[in-house]
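K.L.:
sequence below, structure please.
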Amino acid sequence: MKNFSVPIKYSLIIAVGLIVYFLILSLFNLHIYPLFSLFNGVIMAIGMWLALKAYRSSKGAKFKYQKGFMASLLTGFNATILFTIFFALYATELNPDFLNNLINMWRTDYGTDIGIVLFVVAIMGFATSLVLTLAYMQLFKKSWNTKEGQEHTY
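P.N.:
The predicted structure follows:
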């Protein structure tokens, strides 16, 4: 369980940050504009960066690329799942008119229900998590530009 403590802790922090941001937007009725969801990426980026730094410092010299990759990916995926669950509760129970207001500008002949909106929210979160993990791990991996690393080249 010790290996999963950092991803769980930081995914909870990220999810709370995303929820609080969403609720602040809803106070000003700005949560119906998808443009404001761009800041979700900033919240995810900061949280995942802090999670990866905490995981690396907890492992010390034994930090491995694969383990760091999984820790970062788990952090983002868990936060996405938690936020998607909150979003589902908000859109169905807390504010049933939210979905109609959100997709009012895109109302067309095809049916857009809560399932497809939740799918899009989840995919956006998973994609953000994957891209951030790939980017961050490039910064945290060991360089092969060392004497030892040169032995492993062609």
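K.L.:
quick one: average pLDDT of the helix or strand where residue 16 lies?
P.N.:
If you go by DSSP states H and E, residue 16 is part of helix 5-27. The average pLDDT for helix 5-27 rounds to 95.
K.L.:
and for stretch 72-80?
P.N.:
96.
K.L.:
kindly report the same for stretch 131-138.
P.N.:
92.
K.L.:
list the buried residues in the helix holding residue 16.
P.N.:
Within helix 5-27, the residues that count as buried by 16 or more other Cβ atoms under 10 Å are 6-7, 10-11, 13-18, 21-22, 25. All C-beta atoms are positioned from the backbone trio N, CA, C, and that covers glycine.
K.L.:
would you list the phi and psi of the nearest residue to residue 15 once chain neighbours are set aside?
P.N.:
Of all residues not flanking residue 15 in the chain, residue 82 sits nearest, at 3.7 Å (Cβ to Cβ, 6 or more residues apart in numbering). Per-residue torsions, residue 82: phi -60, psi -40 (degrees, to the nearest 10).
K.L.:
before we move on, the earlier item: chain center to the helix or strand just after the helix holding residue 16, what's the gap?
P.N.:
Per DSSP H and E, the first helix or strand lying C-terminal to helix 5-27 is helix 38-59. A distance of 9 Å separates the centroid of the chain from that of helix 38-59, by Cα atoms, centre = their mean, to the nearest Å.
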